[in-house]
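# Provided below for reference: sequence and predicted model.
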4 protein chains.
Amino acid sequence: MRDSVKLSSGRSYLAIPGPSVMPDAVLQAMHRASPNIYAGELVDMTATLPGDLRRVARTAHHVAIYIANGHGAWEAALSNTLKPGDKVLVPASGRFAFGWSEMAEALGIEIEILDFGMQSPFDPDRIADVLRADTAGQIKAVLGVHVDTSTSIRNDISALRAAIDAAGHPALLMADCIASLGCDRFEMDAWGVDVMVTGCQKGLMVPAGMSFVFFNDKAAEVRATLPRVSRYWDWVPRAHPEWFYQFFGGTAPTHHLYGLRAALDLIHAEGIEQVWARHEILARAIWAACARWSEGGALAMNVTDPGLRSHAVTALRLPSPRATELRNWLEQNLGLTLGIGLGMAPPDSPEWHGFFRLGHMGHVNGHMIMGLLGGIDTGLKALDLPHGTGALDAASRILAGGDAA
Amino acid sequence: MRDSVKLSSGRSYLAIPGPSVMPDAVLQAMHRASPNIYAGELVDMTATLPGDLRRVARTAHHVAIYIANGHGAWEAALSNTLKPGDKVLVPASGRFAFGWSEMAEALGIEIEILDFGMQSPFDPDRIADVLRADTAGQIKAVLGVHVDTSTSIRNDISALRAAIDAAGHPALLMADCIASLGCDRFEMDAWGVDVMVTGCQKGLMVPAGMSFVFFNDKAAEVRATLPRVSRYWDWVPRAHPEWFYQFFGGTAPTHHLYGLRAALDLIHAEGIEQVWARHEILARAIWAACARWSEGGALAMNVTDPGLRSHAVTALRLPSPRATELRNWLEQNLGLTLGIGLGMAPPDSPEWHGFFRLGHMGHVNGHMIMGLLGGIDTGLKALDLPHGTGALDAASRILAGGDAA
Amino acid sequence: MRDSVKLSSGRSYLAIPGPSVMPDAVLQAMHRASPNIYAGELVDMTATLPGDLRRVARTAHHVAIYIANGHGAWEAALSNTLKPGDKVLVPASGRFAFGWSEMAEALGIEIEILDFGMQSPFDPDRIADVLRADTAGQIKAVLGVHVDTSTSIRNDISALRAAIDAAGHPALLMADCIASLGCDRFEMDAWGVDVMVTGCQKGLMVPAGMSFVFFNDKAAEVRATLPRVSRYWDWVPRAHPEWFYQFFGGTAPTHHLYGLRAALDLIHAEGIEQVWARHEILARAIWAACARWSEGGALAMNVTDPGLRSHAVTALRLPSPRATELRNWLEQNLGLTLGIGLGMAPPDSPEWHGFFRLGHMGHVNGHMIMGLLGGIDTGLKALDLPHGTGALDAASRILAGGDAA
Amino acid sequence: MRDSVKLSSGRSYLAIPGPSVMPDAVLQAMHRASPNIYAGELVDMTATLPGDLRRVARTAHHVAIYIANGHGAWEAALSNTLKPGDKVLVPASGRFAFGWSEMAEALGIEIEILDFGMQSPFDPDRIADVLRADTAGQIKAVLGVHVDTSTSIRNDISALRAAIDAAGHPALLMADCIASLGCDRFEMDAWGVDVMVTGCQKGLMVPAGMSFVFFNDKAAEVRATLPRVSRYWDWVPRAHPEWFYQFFGGTAPTHHLYGLRAALDLIHAEGIEQVWARHEILARAIWAACARWSEGGALAMNVTDPGLRSHAVTALRLPSPRATELRNWLEQNLGLTLGIGLGMAPPDSPEWHGFFRLGHMGHVNGHMIMGLLGGIDTGLKALDLPHGTGALDAASRILAGGDAA
């Protein structure tokens, strides 16, 4: 192992599953004086955001912008659709389904979790069965995480809608697209999603600190029946403000809004279909490399079926504590930071150091992915971790020739 | 009136009562790549923030940081101390007392407002009377706005504590220091404040999007008795995180934290006592100018007694619609933006255009205040608004010679 | 004198006669990755600069861009028009005429200086007399400083051309517009200027490090007759590059070019006539204040006749060492930095501390000038310097009502 | 070839041999208001630069900082050591030796070029022979380019000194380290270099626009004998300023100086020996990949002997026009920009499109180099360019295990 000379001085590369790499245009847009928050350019610019957000989410319906992180958006979505005592069904294929459930429980909502483990997606049939059994209509919503960042499983949200419909159940379909929006294809209206939550710091390429709840008219009607909604989370004034100040329930997140404007400009200049295709090809290159490394080696992708893998994040295993050793080596020696494993084992358990994740979301292109993979290939060698050969060659072949599937 | 040549090309100056002028050091600190949110420099740096925040608030107790604006901090403070059906007493000397009350009502809390109008501070005796009459102990908290941004009245929070004590009432004292912290002297522990809320975009000089709730052990005990607290607002994990991710109830507001670090460095390099003294002298210069203008003129300060005026914001009147005309003229001709009147009259009522406000909070110094006043003096002349003379001379005399009172 | 509380924490204001205050748009444009210097966006963008520079200089002729400061542009202009042994006539009304002469001397050029002192402009008649006496045609160029930054005298360049023509002399007219371009009206072609030099850090509002030489066909013909021109200073490839790399005699000043693009956008969005008018009104406000202070006081403007004063810089006197004391007090107490006196007395002579200068060039507007004057008014009081009253009132009256003369 | 989906949206990567990738810390340091150029923090900070520059150049002698690009530094070095009619000997192993010669010729200096072609370094014996033959002592200096950016040949400057000494010749040894300083080991004093020129935009990691001339006492003595030195290029006041303004022959390059300060901090925090070792290992990884590609393929490194290759730049060949096609494909499809071939063939000749270069200088680390190589590997495949396999594997093996040789 080389230990005398560090090769880290250069651009740092944060390849964790969010926050993602921020485009220069976004950071530049945020480096500015505070604007007036009652009139003028900020007001005019903000008016352009909802439409461009809708185009990313593929919806013609409503969007509320929150100064909050993704956990806040979770709470906002729940607060506008459920009241204490209501029940939600939560199919789980990763830690974040449990996290959302915990937010619901803290609001007094009853939760029913269908746990599909850390390596499997939702089974729509089982979900339909549970809904059919709910003859009393206690379940008010199904909370589905599109891509669970902890496992990198990508669930079929359209199939979830089909399951609900097959059961003839009136529950709202609420989707968490925090890790997927702007990376994996998502079609809110076409897929029949009633409420969708997301954050700004992944596919939307804005520094952490803002989140979004999209909702359709059916969800709005449910909201109208609630006896009480927290003023901060209430989506009505945010989605339909009578004056600017209500957009954000008080003072606007001025600088984040300018950053978001710049990011949406980038996304729509490229085209959302093209953005999805880029993520897909880059993900396939990563998978091709991982597949090679895992031949005769200890590295393994968490999700076996490529059709169930996110295009934004990839969860991997190495015998503990080698995953952590690899992450540390790459950061210290090459300036490359990978994501920790999350939810696969209790923190500080012996198993915890056996998982890691790659983020490949948002502002990421061909040479970056080859740098990410080339870095990992270097680390595997430096640490004498057994691994199959030809990984980088397999990845560059995908980037060179691959059409999006 | 000069109308042919605009004199606005140059630095814009946003002299509204928040967001305030951002220091270059803060904006530079925010212009950076996203950091890892699980380990490394962000984690280390964030650990330094609570102590330096406490020094600004003059407390040895607890602080929770929220990704939210001031309205979010209001809701957070309420959510950790009150449950539906509880009652709060709200002495009001401006619009923001009503705003906080509305947040409480939306949470199912009963409110009792003692309205002291738009030009008077709290009357501690009347507050004590109400508390004495609450023999059933229904009132769980008194919500006091230290400086109401709409009126620029500065209430005596210490006297509010004395009133509660005089009544022998166990209610929590909760203070809103959104407009005052880092500008007007505030001593959380010495003044007996149990809960204090503030935002980042005024005296703390960070772009809007982050807020804070400080609380003492008495408030923490009340929190412990609540049957249910929203996970997002729960201050326990934020103030006492078991691991970094809990600090912010999920993803950290990475860039705002770096901005806050830079701002706290500026504040403590100057010294908080010196920061208060600077704001006081600058405010006295503004008042001296306003006093002169108002002689024989139509301009008037909203608060008559200097001892009741905030050092961070000054509310003023001009016969409608001259206030709005003045604001528009200054922005278009000199590059200087003043604050709208807020809460003094219904928006779009004929009276609405008769109020405006000056923000003088945070990153503001002697030449800026003379530019602000010189700009207004120019506008009064350009618009032929009757006004007394010698205003600027009176202001510079204060800046030249004045010790803080 | 107030000495206990500093009022400097806030925006610093550098009111020296260059570098001037940089617009945010310029600094933002420079905060970026290096571009390719052989092809692509930089090449395309750079092609737009000469035309927009010509519009500022009011010329249809040629411009060469140098990575150099103003002293470099001086040397460039000399190197393209003169050879060792040639002679130049240099009318002087300030230090910078001598500075340019020294650059010429070091190149082996003979200089003849007509010194009009530190308070008087050129006398065209005397210049014509000298030229008429040069029957041998030894004088190859007349070097005229438009605005001498040291004295703030503005010379009549058009009258200088008339004097040359009246003498029927073939000498080139070379003008130094380093302090004036983009501030004071300058019309290169209409005024018959053959060569003009300027820098980027004053009226052009770009950080120091780039300068320009404009020249017409007559000057180009002189250049063609020279036996030898230094490759770095040679304006031919810079003004008429065969390929991009020649534009800058090697590697391009990438970031300065982006800054210049942003600055030219600001100038032409406002309109150059409007830019000149703004500077004139702001200068008149400064003069009005200075006139009042000087009544019964020791402060005095260096240039008595308003028609001879620059609109970009104002040189002032106070009994030594009060000028330096005033500058120091303002910087330490108000965050306001004034310019030192330059060339009026030898550095570190007793008289040296009796002069100072105000820069009011480029990105400067109404509230800034009132802040500058209000700061000085404060300093005069704080230091008990005798001064007339009503200065700020006089200034705001100009800003309120004044049309450009 | 994949042509439907572009993979370029992400960080752009400019891998040309200068300007190099700018560190965030450098760009941040340059995003600031202009400082006072006569006193205060700029003056204090600038005083720290020469010492830290000397440490990079390994010299205890003098340094002059110029607002100029590398071509300007060439002219500065010549202007301080030679007069018209003097003669220089220029061993050439690339285009830049000719470029420097042309600058000399334009100053009236006689040049004698020893051309070693585009693939060979200097031959010290031949140089010694020429010097021995100069019995009249007409040759005043030998101009040696350390690393010629056009060919990526690294000459042995120490051997050049030995050749001069072996010939017993008094000529100055002047070295061009524009491409090498801060990348390839360079020891000015130990190697007996009298004058060294460099620029800021490569190993020094500052945006283009500043350059440097280092010189020892022997060179200073030569300077003292010259009858005339251009004021702008004169290194005496720059290296030994009596007051700050002379440091830069007029206005200082304010923002570049702050950038340089940040860059020197990075370099010395890492340690110059470590910086050299990092460049060496990264270069060896690049060579390992290129060696593999060239097996059975058309790609070829320009320099055969690894001991003669620069660690900062690598020149490569592909059958024309495939080099240009590869560059274009990588920029458009992956966001990766490679350098054009320079000097290997006349621009726009058929052969011109058969060369390209990789820059790997300054702020460059392990994952970046793997991204660069992975990108090229992708491009070779996409364009069906025959190439050997295992290139990336060979590179990662070097990064994983390689000690610097």
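Everything's here; your move.

# check whether A:Pro227 really touches A:Leu82, as I assumed.
No - the pair A:Pro227 / A:Leu82 is not scored as a contact, 11.6 Å apart, by Cβ atoms under 8 Å. All C-beta atoms are positioned from the backbone trio N, CA, C, and that covers glycine.

# more crowded one of the two?
Just comparing A:Pro227 and A:Leu82: by other Cβ atoms under 10 Å in any protein chain shown the higher neighbour count belongs to A:Leu82, 24 against 7.

# wait, that one sits on A:Ile109?
Yes - using Cβ under 8 Å, A:Leu82 makes contact with A:Ile109 at a distance of 5.2 Å.

# what sits in contact with each of those two?
A:Val88 (Cβ atoms under 8 Å, 6 or more residues apart in numbering or on different chains).

# close to chain C, is stretch A:203-221?
No - Stretch A:203-221 stays clear of chain C (Cβ under 8 Å from any Cβ of the partner chain), getting no nearer than 15.8 Å.

# got the end-to-end distance for that stretch?
Here the two ends of stretch A:203-221 are set 30 Å apart, with distance taken as Cα to Cα, to the nearest Å.

# pLDDT (mean, whole number) over it?
The pLDDT scores in stretch A:203-221 average 98.

# quick check: buried residues in it?
A:203-216, A:219-220 (16 or more other Cβ atoms under 10 Å in any protein chain shown).

# gap between it and the chain center?
Between the centre of stretch A:203-221 and the centre of its chain there are 12 Å (Cα atoms, centre = their mean, to the nearest Å).

# say whether chain D is contacted by that stretch.
No - using Cβ under 8 Å from any Cβ, stretch A:203-221 never reaches chain D; the gap is at least 9.9 Å.

# who's in contact with the residue in the stretch 301-405 of chain A positioned nearest to chain C?
Minimum separation of the stretch 301-405 of chain A from chain C (Cβ to the nearest Cβ) falls at A:His363, amounting to 13.2 Å. The contact partners of A:His363, taken as Cβ under 8 Å, 6+ apart, are A:20-23, A:205, A:266, D:9-11.

# so what secondary structure elements neighbour whichever strand or helix holds A:Ala77?
A:Ala77 belongs to helix A:70-79 when assigned by DSSP states H and E. The contact analysis (3 or more Cβ pairs under 8 Å, 6 or more residues apart in numbering or on different chains; DSSP states H and E) places helix A:70-79 against strand A:62-66, helix A:95-106, strand A:172-176, strand A:195-199, strand A:211-215.

# now distance to C:Gly335 too, for these, in TSV please.
Below are the helices and strands packed on helix A:70-79 laid out as TSV (distance: least, Cβ to Cβ, whole Å):
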stretch	distance to C:Gly335
strand A:62-66	36
helix A:95-106	47
strand A:172-176	48
strand A:195-199	39
strand A:211-215	38
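
# hmm, back to that, identify the farthest-apart pair in the buried residues of stretch A:203-221.
Using Cβ to Cβ, these span at most 30.1 Å, a distance reached by A:Pro207 and A:Ala220.

# low-confidence ranges, chain A, go.
By pLDDT under 70, the weakly predicted segments of chain A are A:1-3, A:402-405.

# on that earlier part again, out of the contacts of A:His363, who's near chain B?
Residues of the contacts of A:His363 in contact with chain B (Cβ under 8 Å from any Cβ): A:20-22.

# considering only these, which also neighbour chain D?
Subset of those in contact with chain D: A:Val21, counting by Cβ under 8 Å from any Cβ.

# quick one: residues contacting the most centrally placed residue in chain A.
Closest residue to the average C-alpha location of chain A: A:Ala179 at 0.6 Å, with Cα atoms, centre = their mean. Applying Cβ under 8 Å, 6+ apart, we find A:Ala179 in contact with A:17-18, A:96, A:146-149, A:202-203, A:310, A:312-313, A:361.

# what about those residues, which are in strands?
Using DSSP state E, the subset of the contacts of A:Ala179 located in strands is A:147-148, A:313.

# secondary structure element for A:Val43?
Going by DSSP H and E, A:Val43 is part of helix A:41-46.

# that helix near chain B anywhere?
No - using Cβ under 8 Å from any Cβ, helix A:41-46 stays clear of chain B, with a minimum separation of 10.2 Å.

# now for that helix, which elements pack on it?
Helix A:41-46 makes packing contacts with helix A:254-270 when contacts are defined by 3+ Cβ pairs under 8 Å, 6+ apart.

# does the helix it packs on come close to chain D?
Yes - using Cβ under 8 Å from any Cβ, helix A:254-270 reaches chain D at A:266, A:270.

# rewinding a little: Produce a ChimeraX select command limited to the buried residues of the ones in strands among the contacts of A:Ala179.
Here is the ChimeraX command that selects the buried residues among the ones in strands among the contacts of A:Ala179 (16+ other Cβ under 10 Å):
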select /A:147,148,313
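
# present the ones in strands among the contacts of A:Ala179 as JSON lines; the columns should include distance to chain D.
JSON lines is the format used below for these (distance: Cβ to the nearest Cβ, whole Å):
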{"residue": "A:Val147", "distance to chain D": "20"}
{"residue": "A:Asp148", "distance to chain D": "24"}
{"residue": "A:Val313", "distance to chain D": "16"}
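
# so who does A:Ser9 touch?
Counting by Cβ under 8 Å, 6+ apart, A:Ser9 makes contact with A:335, D:266, D:270, D:275, D:278, D:363-365.

# what about 6 Å?
A:Ser9 makes contact with D:270, D:365 under the criterion Cβ atoms under 6 Å, 6 or more residues apart in numbering or on different chains.

# which single residue in the stretch 1-150 of chain A comes nearest to chain C?
For the stretch 1-150 of chain A, Cβ to the nearest Cβ, closest residue to chain C: A:Gln28, 5.4 Å.

# the stretch 101-250 of chain A now?
When distances are taken as Cβ to the nearest Cβ, the stretch 101-250 of chain A reaches nearest to chain C at A:Pro207, 15.8 Å away.

# does that residue touch B:His255 like I think?
Yes - using Cβ atoms under 6 Å, A:Pro207 is in contact with B:His255, at 4.1 Å.

# quick revisit: secondary structure class for the residue of the stretch 301-405 of chain A closest to chain C?
Following DSSP: H, G, I helix; E, B strand; the rest coil, A:His363 is assigned to coil.

# which element is the residue of the stretch 1-150 of chain A closest to chain C on?
Using DSSP H and E, A:Gln28 maps to helix A:24-30.

# how far away from the center of its chain is that helix?
22 Å.

# now check that helix, is it near chain D?
No - using Cβ under 6 Å from any Cβ of the partner chain, helix A:24-30 stays clear of chain D, coming no nearer than 8.1 Å.

# other residues contacting that helix?
Contacts for helix A:24-30 (Cβ under 6 Å, 6+ apart): A:205-206, A:255, A:258-259, A:262-263, B:31, C:28.

# next, the angle from the helix or strand harbouring A:Val88 to strand A:172-176.
Per DSSP H and E: A:Val88 is located in strand A:87-92. Computed with axes from the mean of the first three to the mean of the last three Cα atoms, to 10 degrees, the direction of strand A:87-92 lies at 40 degrees from that of strand A:172-176.

# can you list the strands that strand A:87-92 pairs with?
strand A:110-115 (parallel), strand A:139-145 (parallel) (DSSP bridges).

# tell me how many other residues surround A:Arg228.
By other Cβ under 10 Å, the residues close to A:Arg228 number 14.

# doesn't it lie inside a strand?
No - counting by three-state DSSP, A:Arg228 is not found in a strand; it is coil.
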